[in-house]
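Participant: This is a predicted model, with the sequence first.
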Amino acid sequence: MLQARLPLLLTWRRVALLLLAGSVGGALCDQIHVQFGVLAYPRHDVFGQAWWVGPNFGLATLVMYAATWLWASRCERAQPGPVTDREVIQHTAWFLGAYVASALLQGQPKLLALVYGLLFLRRVLPRADAPWLALHGVGLAIGGTSFEAVLAATGAFHYNQPDLWTVPLWLPGVYLHGAPLAMAVLRRMRTGAQQDAPLCQVVD
């Protein structure tokens, strides 16, 4: 079976693409927070960001990909069918919207956290794979928020309005809305691998 042969669907090309997309996309999203004063770096090299921000997001993307894979088969069984490019774009728009909202409403953390949660439920509950996607989202929220909290505690950067130890109360909500996007991207890649199975290789 393809799934057994290609458990993570990672070739060196895909690893490079994930690293590049994560580094560039993550740094650009982070610029929203930098320019709106949501967070700051004590040492900034490029447009208010430290040099390591891009690579950090790239590695985080690989970790999120692996975490998403843990739930991908369950989601596919619950809600079969290919993921289209249009769906990926829609999930990307939701995620970018969550980032922008965190910048515009950073002064109302409780309201923002509530809105994130309600919108996530509104997005997920109608889906057949809702239980698995919700668990995946909660896992990303806990893992991502914990990592950022520890990193901020080292002094590498700081949020200007932290109210959950070193991070804002709304931060888990951003990760929640990243979960459907991560799942859509991974499943879209799985579809591509099935269409081009002979060319796929597992990373040794």
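Facilitator: Sure, I can see it. In this text, all values refer to a predicted model and were calculated from it rather than measured experimentally.
Participant: For this protein, give me the ranges with low pLDDT.
Facilitator: Scanning the chain for pLDDT under 70 picks out the ranges 1-8, 192-204.
Participant: swap the cut-off to 50 and go again
Facilitator: Counting by pLDDT under 50, the chain has low-confidence residues at 1-6, 196-204.
Participant: What are the boundaries of the helices in it?
Facilitator: Using DSSP state H, the helices of the chain run over residues 2-5, 12-35, 53-78, 85-104, 109-124, 130-153, 171-195.
Participant: Mean neighbour count, those helices: which tops it?
Facilitator: When you average the neighbours per residue for each of the helices of the chain (mean count of other C-beta atoms under 10 Å), helix 171-195 leads with a mean of 21. Yep, even glycine has a C-beta here, placed from its N, CA and C like the rest.
Participant: can you tell me how far the residue nearest the centre of the chain sits from residue 156?
Facilitator: Compute the mean C-alpha point of the chain, and by C-alpha atoms, centre = their mean the closest residue is residue 178, 4.0 Å away. When C-beta to C-beta, to the nearest Å is the yardstick, residue 178 and residue 156 sit 21 Å from each other.
Participant: What of residue 59?
Facilitator: Counting by C-beta to C-beta, the gap from residue 59 to residue 156 is 14 Å.
Participant: Could I get the contacting residues of the closest residue to residue 58 other than its chain neighbours?
Facilitator: Closest residue in space to residue 58, ignoring its immediate chain neighbours: residue 23 at 3.6 Å, by C-beta to C-beta, 6 or more residues apart in numbering. Each residue near residue 23 by C-beta atoms under 8 Å, 6 or more residues apart in numbering is listed here: 54, 55, 57, 58, 61.
Participant: Looking at those residues, spot the one nearest residue 113.
Facilitator: Of all the contacts of residue 23, residue 57 has the smallest distance to residue 113: 22.6 Å, by C-beta to C-beta.
Participant: For that closest one, give me its contacts.
Facilitator: In this structure, residue 57 makes contact with 22, 23, 25, 26, 27, 30, judged by C-beta under 8 Å, 6+ apart.
Participant: ok, the fifth one touching residue 53?
Facilitator: Right, the one you point to is residue 27. Yes. Look at residue 27 against residue 53 with C-beta atoms under 8 Å: they come within range, at 5.4 Å.
Participant: Reformat the helices of the chain as JSON lines; add distance to residue 164.
Facilitator: Supplementary listing: these in JSON lines, determined by distance: least, C-beta to C-beta, whole Å:
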{"stretch": "helix 2-5", "distance to residue 164": "38"}
{"stretch": "helix 12-35", "distance to residue 164": "16"}
{"stretch": "helix 53-78", "distance to residue 164": "19"}
{"stretch": "helix 85-104", "distance to residue 164": "13"}
{"stretch": "helix 109-124", "distance to residue 164": "8"}
{"stretch": "helix 130-153", "distance to residue 164": "7"}
{"stretch": "helix 171-195", "distance to residue 164": "7"}
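Participant: got a list of what residue 30 touches?
Facilitator: Applying C-beta under 8 Å, 6+ apart, one finds that residue 30 lies in contact with 39, 49, 53, 57.
Participant: Please consider this matter closed, and thank you.
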